[in-house]
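A.B. asks: Fold the stuff below for me.
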Amino acid sequence: MVWGGISTRQRTPLYHVVGNLTVVRYQNEILQPLVIPALQAIGPRAILQEDNAPPHRSAAVNTFIQQARVNRMMWPANSSDLNPIEHMWDELCCRVQQHHPPPANLGQLLQWLQQEWNGVPRAYICNLIHSMRQRCVECLAHNGGHTRY
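C.D. replies: Now for the predicted structure:
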């Protein structure tokens, strides 16, 4: 598994998660070294959007997020199609699949993932993020059902 974060101004490096992502590991390996500095670089209006993975919603992480004074977007369950990062993962997958032959090993796959992650144009990421409002409007119009996204 890899983890990454995007904003209209920057993207974090991809982080290779070896094994299970526990609450402690999420806090120590992702939030503290990657997320908090990225949000601080954006400024006081930065908002953290996560999915509802169990490590994201633990009491310990909630406390950590509050102590770090991070603005966090409340995110409904089962709404991954609205989350811009999910579309970024799709783009990344398509880009990596264009390599021929397929990666020979995990190291090569991770190298290609980071290369392609860095190669996704900033305009593409901005469009994903700026489409959030329309995604939500469409989701509401369909009573939470299927949308074109």
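
A.B. asks: What is the burial count for the residue lying closest to residue 45 once chain neighbours are set aside?
C.D. replies: Spatial nearest neighbour of residue 45, excluding adjacent residues (Cβ to Cβ, 6 or more residues apart in numbering): residue 71 at 7.6 Å. The C-beta positions use only the backbone N, C-alpha and C, and glycine is treated the same way. By the criterion of other Cβ atoms under 10 Å, residue 71 has 12 neighbours.

A.B. asks: Likewise for the one 4 residues further on?
C.D. replies: Using other Cβ under 10 Å as the criterion, residue 75 is surrounded by 16 other residues.

A.B. asks: give me every residue that touches it.
C.D. replies: Residue 75 makes contact with 49-52, 83, according to Cβ atoms under 8 Å, 6 or more residues apart in numbering.

A.B. asks: do residue 119 as well
C.D. replies: The contact partners of residue 119, by Cβ under 8 Å, 6+ apart, come to residue 95.

A.B. asks: Just want the phi and psi numbers for it.
C.D. replies: When quoted as degrees, to the nearest 10, the phi and psi of residue 119 stand at phi -90, psi -10.

A.B. asks: and what of the one 4 residues further on?
C.D. replies: Per-residue torsions, residue 123: phi -60, psi -40 (degrees, to the nearest 10).

A.B. asks: Residue 50 versus residue 106, what's the distance?
C.D. replies: Applying Cβ to Cβ, to the nearest Å, the value for residue 106 to residue 50 is 26 Å.

A.B. asks: more crowded one of these two?
C.D. replies: A count of neighbours by other Cβ under 10 Å puts residue 50 above the other of residue 106 and residue 50, at 19 against 10.

A.B. asks: How about the more buried one: what's its closest non-neighbour residue?
C.D. replies: Nearest non-adjacent residue to residue 50, counting by Cβ to Cβ, 6+ apart: residue 56, 4.3 Å away.

A.B. asks: what about stretch 130-147, start to end distance?
C.D. replies: 17 Å (Cα to Cα, to the nearest Å).

A.B. asks: That should have said stretch 97-112, apologies.
C.D. replies: Start to finish, the residues bounding stretch 97-112 are 10 Å apart (Cα to Cα).

A.B. asks: and the closest residue in space to residue 46 that isn't next to it in sequence, what does it touch?
C.D. replies: In this structure, residue 46 finds its nearest non-sequential neighbour in residue 39, 4.2 Å apart by Cβ to Cβ, 6+ apart. Contacts for residue 39 (Cβ under 8 Å, 6+ apart) come out as 46, 48, 70.
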